[in-house]
Structure formats: structure tokens, C-alpha cells
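Enquirer: quick one, what's the 3D model for this:
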Amino acid sequence: MNGLIALVGSGEFTAAMAEVDRSLLAATGRDRPRVAIVPTASWPDGEAVFMRWAAQGEAHFSALGAVPVPVLIRDRASADNPAFVAGISGADLVYFSGGKPGHLLATLRDSAAGSALREAHARGTVIAGCSAGAMVLGGHQLRGGGRRMFEPPIGWQEGLGLVPNLVIVPHYDAIPETLVAPLVMAAPKGAIVIGIDEETAIVGRDGKWQVMGRGRVTVWRGLRRERHRAGSAVSF
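Expert: Next comes the predicted model:
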């Protein structure tokens, strides 16, 4: 069975998401799960920011009783590093933090680390992504970054496809919903657009999901909009 997936709107490695993270650790079935902390998306912001996210993830999951292992993939070349590939392959939970989604996707696509991620997911490893880390897990991802990515013409690129029918929009409650309308109209055929509020997650696998956290998840099926709060079950 494929592993559980958590798509998080924001708040990785903070107390606001501790309940969600405890549930992910429990889903591994391990007493002391091994957690791969992958801060790759933050690398374009500089070494200090990159290492700060790695350290924050390590401290957060240590406090929750896990065994965190920073996997310091910076760029496409390091995504083929055998030590980093082993860090993903040997994890019970792989967690991608936020930053630049385009950089994260370009780093993982067609890499040994990307292949290890897919193989781990297929054998039951839990996969979590926050913000940019969530965006890349979908079937398609917006090109560009910031608010301009919502302006026509909308550009798309294929994501990693762990949740192949979804387009993921994090920080949804921080974005005027009018900016999302062009995205919904231009979504790839058959795609479902999901907006995840900050400090909110949607967790599931094989089409069955549950909302967790303080905010809402907004689901766009074509032009039909649904709102779901914590505890709601959602099917894709």
C-alpha cells in the first residue's frame, strides 16, 4: 500500500503543526521513526536559511520522540549523492519544507533522490510536504513564484505526481481568492485544485483524505467550490 501523504499549507516544524506531525509519526508504526528532513526548497535563499530549516526540523521532530536525519540536498547534482539517496530510502517519514517550488522540482525530477522518494512511497513510507514541498507532490505545478504566478497566462509544469490528480495551492487564506480564479479556469484537464490554509493540512492516500489544523481546505472541482474544516473527510 502506498504511504500516507500530508500536504501542509504552512507552519512546518512549529508547535502549530505538532498534532499533525504526531499523527504522521504514529502512521509509520515505529516506536522511534526515522524522519528525513529535506530543506531543499530553501536553498536559493542561501546557506544560512537552508541550514536553519534543517536545524529547526531536527529539533522539532526530536522533541516529538523521532530520530530526525537532515538530508542536505541543495541542488540537482547533490540529488544523486548516494548518502542523500540512502537518507530518503531509509526513512519512515520524509518531510519537505518550504521555499522555492521550482527549485525543488528541478532538483528532484529525474534524480536518484526523486526515484528513491517514489519507491519509498510505494512501499509505505509517509511523505509530507509543506508549502513548496506540498506543491511539487501534485500532478501539475504552477511555473514561477509569488503572486505573479496567478496572473494570466497561467503556466504549468508536471509535478512529481505522488498525488497525480491534484494541483496544490498553499497559504490559501493569505491569497485573495480572486487571484485563484484564473488558475482554476486554466487548470489542466481532469485536475482538482486544492487550496490549503496556513497551519492546516490534508492527510491521506489512495483517494481518501482528512483535513487537520486550524484552517480550511478549499477544493475546486472545475468551477464547483467546496470548503472543508478539520475533521472533514474528502475524496479525490
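
Enquirer: which ones are touching Arg225?
Expert: For Arg225, the contacting residues are 218-219, by C-beta atoms under 8 Å, 6 or more residues apart in numbering. For the C-beta atoms, the positions are set from N, CA and C on the backbone; glycine is no exception.

Enquirer: tell me the SS of it?
Expert: strand (DSSP: H, G, I helix; E, B strand; the rest coil).

Enquirer: hey, what's it bridged with?
Expert: Following DSSP bridges, Arg225 is listed with bridge partners Trp220.

Enquirer: that one and Thr218, how far apart?
Expert: Counting by C-beta to C-beta, to the nearest Å, the gap from Arg225 to Thr218 is 6 Å.

Enquirer: same deal with Gly87?
Expert: Gly87 is 34 Å from Thr218, by C-beta to C-beta.

Enquirer: neighbour count: the two, which is higher?
Expert: Counting neighbours by other C-beta atoms under 10 Å for Gly87 and for Thr218 shows that Gly87 has the greater number, 22 against 19.

Enquirer: pull the longest helix from this structure.
Expert: The single longest helix within the chain, with elements called by DSSP state H, is helix 47-63.

Enquirer: so which elements touch the helix or strand just after that one?
Expert: Using DSSP states H and E, the helix or strand that follows helix 47-63 towards the C-terminus is strand 67-70. Strand 67-70 sits against strand 34-38, helix 47-63, with contacts defined as 3 or more C-beta pairs under 8 Å, 6 or more residues apart in numbering; DSSP states H and E.

Enquirer: residues in contact with stretch 17-36?
Expert: Contacts with stretch 17-36, where a contact means C-beta under 8 Å, 6+ apart, come from 4, 6, 8, 11, 57, 60-61, 64-69, 71, 87-88, 90-95, 125-126, 128, 130, 199, 201, 203, 212-213.

Enquirer: confidence-wise, which helix or strand of the chain is lowest on average?
Expert: Of all helical and strand segments in the chain, the minimum by mean pLDDT, DSSP states H and E falls on helix 177-186, at a mean of 90.
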